[in-house]
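Novice: Structural data only, the sequence is not supplied:
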């Protein structure tokens with residue numbers, strides 16, 4: 001596996017940076033045991049398998065964070081249960097700031113889909129939002145629709161005959177498709193797959209007519225002419241596809257659906273520690289090189305206050321809770 005120079009892989013953990021002494025008052029804060037924070041390695045728990053954007057984001061941010069705080073940062077993958085296993089691990093970890101959760105969009109969806117062993121809001125202290133990425137509504141090149149309005153018209157002319165793929169029931173692509181169905185008033189069939197590769201392969205081969213996927217997954221098919229981008233699910237067009245409108249621009253104002261990520265600590269983490277984590281993570285997230293690197297991959301790096309992240313999570317939970325309820329969606 002290519003580590004991109006970010007560290008060494010040991011089991012399920014990426015060790016980033018070397019063990020170095022804490023230096024500088026800017027990041028040292030007292031904690032109840034009297035030691036400055038941080039005075040040891042910080043772990044970032046990613047509740048997904050290694051690879052793809054979840055992992056890449058944590059490793060690149062972890063690398064820069066390690067450089068800034070002069071302590072190792074370990075990225076540890078604890079996948080399973082639609083992100084609930086790793087999330088529960090952090091919820092039950094010591095509230096000392098040394099075990100962090102990389103939160104994703106799934107954190108806002110899971111309360112509506114499954115019974116959780118933790119509370120998605122009360123079990124955590126939120127630190128900052130970190131990134132967002134719209135998906136691309138991508139259609140098979142043989143579909144006689146060159147725009148989203150044309151796809152909707154086709155679906156209305158032939159109810160129940162068009163289908164779209166996703167990586168499983170309750171996955172981002174599934175929910176984004178259900179939101180479009182509701183707003184556009186169309187009847188299209190959802191076809192869940194066990195993985196992204198097969199979901200994309202069957203769309204490109206014409207087994208299903210369209211899908212929702214990331215820019216990095218879509219770009220090769222767009223360039224080869226095997227698939228056509230019809231819309232972007234966020235509120236802004238992406239720089240890599242400047243001529244592709246947002247779903248809202250294409251006729252459905254208010255449609256706003258993105259994959260997103262942020263960071264949280266176990267509830268009860270000392271306020272001074274949370275302040276330090278927010279300050280240091282925001283410093284990383286405002287790095288121009290980090291922003292530029294992810295922009296090329298269709299990902300926007302952002303930052304926020306803890307309060308802004310909490311408010312955003314509540315908004316997302318309300319949105320997707322309604323989509324899940326209205327669509328009678330059940331998790332796999």
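Specialist: On my side now, so go ahead. Remember, predicted model here, so these are calculated numbers, not experimental data. Numbers count the residues shown, from 1 in each chain.

Novice: all helices of the stretch 51-200 of the chain, in order?
Specialist: For the stretch 51-200 of the chain, the helices defined by DSSP state H, counting those that start in this stretch occupy 52-69, 84-91, 106-113, 148-157, 172-184, 196-205.

Novice: which non-adjacent residue is nearest residue 282?
Specialist: Computed as Cβ to Cβ, 6 or more residues apart in numbering, the closest residue to residue 282 that is not its neighbour in sequence is residue 303, at 4.4 Å. Glycine gets a C-beta too; all of them are placed from N, C-alpha and C.

Novice: which residues touch that neighbour?
Specialist: Residue 303 sits next to 128, 129, 130, 281, 282, 285, 286 when contact means Cβ atoms under 8 Å, 6 or more residues apart in numbering.

Novice: most neighbours, which of the residues you listed?
Specialist: Among the contacts of residue 303, residue 130 has the most neighbours (other Cβ atoms under 10 Å), with 26 neighbours.

Novice: Enumerate every residue touching that one.
Specialist: For residue 130, the contact set (Cβ under 8 Å, 6+ apart) comprises 57, 61, 102, 261, 262, 263, 281, 285, 301, 302, 303.

Novice: For the top helix by length along the chain, what does the pLDDT average out to?
Specialist: When the chain is parsed with DSSP state H, its longest helix is helix 306-327. Helix 306-327 shows a mean pLDDT of 97.

Novice: and the angle from that helix to helix 172-184?
Specialist: Orientation note: helix 306-327 sits at an angle of 70 degrees relative to helix 172-184 (axes from the mean of the first three to the mean of the last three Cα atoms, to 10 degrees).

Novice: what number of residues lie near residue 183?
Specialist: A count of nearby residues for residue 183, using other Cβ under 10 Å, gives 16.

Novice: List the residues that contact it.
Specialist: With contact taken as Cβ under 8 Å, 6+ apart, residue 183 is in contact with 252, 254, 255.

Novice: State the pLDDT value of residue 177.
Specialist: Looking at residue 177, its pLDDT is 97.

Novice: nearest spatial neighbour of it, skipping sequence neighbours?
Specialist: Sequence neighbours aside, residue 164 is the residue nearest to residue 177 in space, at 5.1 Å (criterion: Cβ to Cβ, 6+ apart).

Novice: and the gap between the one you found and residue 259?
Specialist: 17 Å (Cβ to Cβ, to the nearest Å).

Novice: What of residue 76?
Specialist: Going from residue 76 to residue 259 by Cβ to Cβ gives 21 Å.

Novice: out of the two, which sits in the busier spot?
Specialist: Neighbour count, other Cβ under 10 Å: between residue 76 and residue 259, residue 259 has more, with 22 against 19.

Novice: so what's the more buried one bridging to?
Specialist: Residue 259 has these beta-bridge partners by DSSP bridges: residue 133.

Novice: In contact with the residue nearest to residue 177, which residues are there?
Specialist: By Cβ under 8 Å, 6+ apart, the contact list for residue 164 reads 173, 177, 188, 189, 190, 191, 203, 208, 209, 210, 211, 212.

Novice: does residue 282 really touch residue 128, like I thought?
Specialist: Yes: if you go by Cβ atoms under 8 Å, residue 282 and residue 128 touch, sitting 5.8 Å apart.

Novice: pLDDT weak spots in the protein?
Specialist: By pLDDT under 70, the weakly predicted segments of the chain are 1-34.

Novice: okay, now the closest residue to residue 89 other than its chain neighbours: neighbour count?
Specialist: In this structure, residue 89 finds its nearest non-sequential neighbour in residue 78, 5.4 Å apart by Cβ to Cβ, 6+ apart. Per other Cβ under 10 Å, the neighbour tally for residue 78 reads 20.

Novice: for residue 169, same thing?
Specialist: By other Cβ under 10 Å, the residues close to residue 169 number 15.

Novice: Pull up the gap between it and residue 35, please.
Specialist: 46 Å.

Novice: same deal with residue 141?
Specialist: Computed as Cβ to Cβ, the residue 141 to residue 35 distance reads 60 Å.

Novice: do the same with residue 95
Specialist: Distance of residue 95 to residue 35, computed by Cβ to Cβ: 15 Å.

Novice: what about the closest residue to residue 153 other than its chain neighbours, distance to residue 128?
Specialist: Ranked by Cβ to Cβ, 6+ apart and with sequence neighbours excluded, the top spatial neighbour of residue 153 is residue 145, at 7.6 Å. The spacing between residue 145 and residue 128, counted by Cβ to Cβ, is 40 Å.

Novice: domains in the chain, as residue ranges please.
Specialist: 8-133+258-327, 136-232 (automatic domain parsing).

Novice: need those domains in a markdown table with distance to residue 243, can you?
Specialist: Listed next are those as a markdown table, based on distance: least, Cβ to Cβ, whole Å:
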| stretch | distance to residue 243 |
| --- | --- |
| domain 8-133+258-327 | 15 |
| domain 136-232 | 9 |
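
Novice: Which one, of those domains, ends up nearest to residue 245?
Specialist: domain 136-232 (5.9 Å; Cβ to Cβ).
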